[in-house]
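# Need coordinates for the below:
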Amino acid sequence: MRSNQVINLNCGVKLPIFGFGTFAYQIDPNAIESAVHMAIKMGYRHFDTATIYGSEGAVGKALNDEFLNYRTLGREDIFLTSKVWGSDHHDPVSALKTTLRNMGMEYLDMYLVHWPFKLKPWACYPVPKESDFEETLDLESTWKGMEKCLELGLCRCIGVSNFSTKKLDSLLQFATIPPAVNQVEMHPMWRQKKLREYCEERKIHVSAYSPLGGPGNAWGSTAVIENPIIKSIALKHNATPPQVALQWGLLKGSSVIVKSFNEDRLRENFGALDLKLDDQDCLEIEKLEEKKIMRGEYFVNDTTSPYKTIQDLWDGEI
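Residues are numbered from 1 along each chain as shown. Reported below is the predicted structural model:
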């Protein structure tokens with residue numbers, strides 16, 4: 001990766017603009033390890049995982065293998081992100097220590113609050129049951145735990161994921177240390193204009209997950225890369241639809257978290273760095289109908305969840 005392709009975060013740390021996503025629930029760890037080795041050889045230096053992904057151990061094993069056996073990289077050359085699941089909101093410090101043990105690492109570069117809800121301690125699976133929710137979020141206590149992680153040197157930066165502007169506003173009322181990142185779904189068909197403007201004013205970096213719309217995931221869609229306008233822009237520039245979508249996200253100042261274990265697609269993603277979209281391309285993308293793909297319906301119920309409707313979860317920003 002070109003050395004200048006980084007973003008300066010408000011915590012003083014540099015974030016590589018291309019992240020390698022490793023959501024791999026119930027996927028063979030060997031496949032994850034192989035994909036991480038492949039990504040490193042191609043130039044990926046930012047690896048994104050989470051407690052709930054089931055990939056922390058495999059990611060850590062592959063990275064440590066690179067550090068110890070290949071000796072082409074040191075820990076300082078890699079930016080490593082993980083996330084605290086809702087069942088660990090009661091004690092982020094212990095959760096992060098477990099993550100570090102799982103990964104064989106001394107610290108993370110970024111630790112994120114994965115979703116703004118709190119679950120019972122036993123609810124360690126992606127789709128919570130109705131009985132798993134704590135009705136009160138108590139984000140202030142959670143964030144104090146995140147700040148403690150930073151104070152103890154367990155991570156270099158802290159941030160959030162899937163937070164609306166309203167939830168960020170609430171967090172900033174009591175945070176001693178502001179979040180460095182808000183990682184959210186963002187792509188040409190879910191452009192996050194309001195959130196991007198809010199975060200830019202407050203120096204919170206917006207990092208885009210599912211920058212292609214999540215094709216290949218059970219909840220994802222091919223709507224972005226199959227969109228006729230995205231396809232026509234790609235044809236105009238002798239590029240591919242994924243490259244158009246990724247370059248659009250980069251133009252908006254975001255980093256992008258791409259997830260593929262396919263060698264050709266991983267290489268194709270990097271081609272977005274060489275693509276130059278013009279003003280007309282961007283105007284055409286702005287005309288696209290917006291539709292959020294990862295809606296989070298399973299985090300909503302009218303009895304135990306703090307969010308009784310989808311609008312509650314996203315504070316009307318959907």
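
# who's in contact with Trp248?
Going by CB atoms under 8 Å, 6 or more residues apart in numbering, Trp248 touches 187-188, 277, 282, 285. Placement of C-beta: from N, CA and C, glycine included.

# which residues in the stretch 51-200 of the chain form helices?
Counting by DSSP state H, counting those that start in this stretch, one finds helices in the stretch 51-200 of the chain at the ranges 56-65, 92-103, 139-151, 165-174, 193-201.

# Tabulate these (JSON lines), appending mean neighbour count, mean pLDDT and distance to Gln247.
JSON lines is the format used below for those (neighbours: other CB atoms under 10 Å; pLDDT from 0 to 100; distance: least, CB to CB, whole Å):
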{"stretch": "helix 56-65", "mean neighbour count": "21", "mean pLDDT": "95", "distance to Gln247": "26"}
{"stretch": "helix 92-103", "mean neighbour count": "19", "mean pLDDT": "97", "distance to Gln247": "31"}
{"stretch": "helix 139-151", "mean neighbour count": "18", "mean pLDDT": "97", "distance to Gln247": "32"}
{"stretch": "helix 165-174", "mean neighbour count": "15", "mean pLDDT": "97", "distance to Gln247": "25"}
{"stretch": "helix 193-201", "mean neighbour count": "15", "mean pLDDT": "97", "distance to Gln247": "16"}
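
# Relative to Ala208, which of the ones you listed is closest?
helix 193-201 (9.9 Å; CB to CB).

# Which neighbouring elements make contact with the closest one?
Of the remaining helices and strands, those touching helix 193-201 by 3 or more CB pairs under 8 Å, 6 or more residues apart in numbering; DSSP states H and E are helix 165-174, strand 181-185, strand 205-209.

# Tell me what angle the second one forms with helix 165-174.
Here strand 181-185 runs at 170 degrees with respect to helix 165-174, directions being taken by axes from the mean of the first three to the mean of the last three CA atoms, to 10 degrees.

# Could I get the contacting residues of the nearest residue in space to Glu200 that is not next to it in sequence?
What sits nearest to Glu200 in space, not counting adjacent residues and going by CB to CB, 6 or more residues apart in numbering, is Gly253, at 7.3 Å. Neighbouring residues of Gly253 by CB under 8 Å, 6+ apart: 7, 196, 200, 206.

# Can you pick out the most distant pair from those residues?
Ile7 and Arg196 (13.5 Å).

# Could you tell me which residues make contact with the closest residue to Gly57 other than its chain neighbours?
Once flanking residues are discounted, Gly57 sits nearest to Asn102: 4.9 Å by CB to CB, 6+ apart. Contacts for Asn102 were tallied using CB under 8 Å, 6+ apart; they are 56-57, 60.

# Throw the residues you listed into CSV and include distance to Pro179, thanks.
Output for the contacts of Asn102, formatted as CSV (distance: CB to CB, whole Å):
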residue, distance to Pro179
Glu56, 21
Gly57, 26
Gly60, 24
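
# Between those, which sits nearest Val84?
Nearest to Val84 among the contacts of Asn102, with distances taken as CB to CB, is Glu56, at 11.9 Å.

# any idea how far the closest one lies from Gly74?
20 Å (CB to CB, to the nearest Å).

# Strands along the stretch 201-318 of the chain, start to end?
For the stretch 201-318 of the chain, strands defined by DSSP state E, counting those that start in this stretch occupy the ranges 205-209, 255-258.

# The ones you listed: which one's closest to Met42?
Of all the strands of the stretch 201-318 of the chain, strand 255-258 sits nearest to Met42, with 11.3 Å by CB to CB.

# Report the rounded mean pLDDT for the closest one.
Strand 255-258 comes out with an average pLDDT of 95.

# would you turn the helices of the stretch 51-200 of the chain into a markdown table with distance to Glu268?
A markdown table is the format used below for the helices of the stretch 51-200 of the chain (distance: least, CB to CB, whole Å):
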| stretch | distance to Glu268 |
| --- | --- |
| helix 56-65 | 21 |
| helix 92-103 | 28 |
| helix 139-151 | 35 |
| helix 165-174 | 33 |
| helix 193-201 | 25 |
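
# Which among the ones you listed is found nearest to Leu112?
Closest approach to Leu112 among the helices of the stretch 51-200 of the chain is made by helix 139-151 (8.7 Å; CB to CB).
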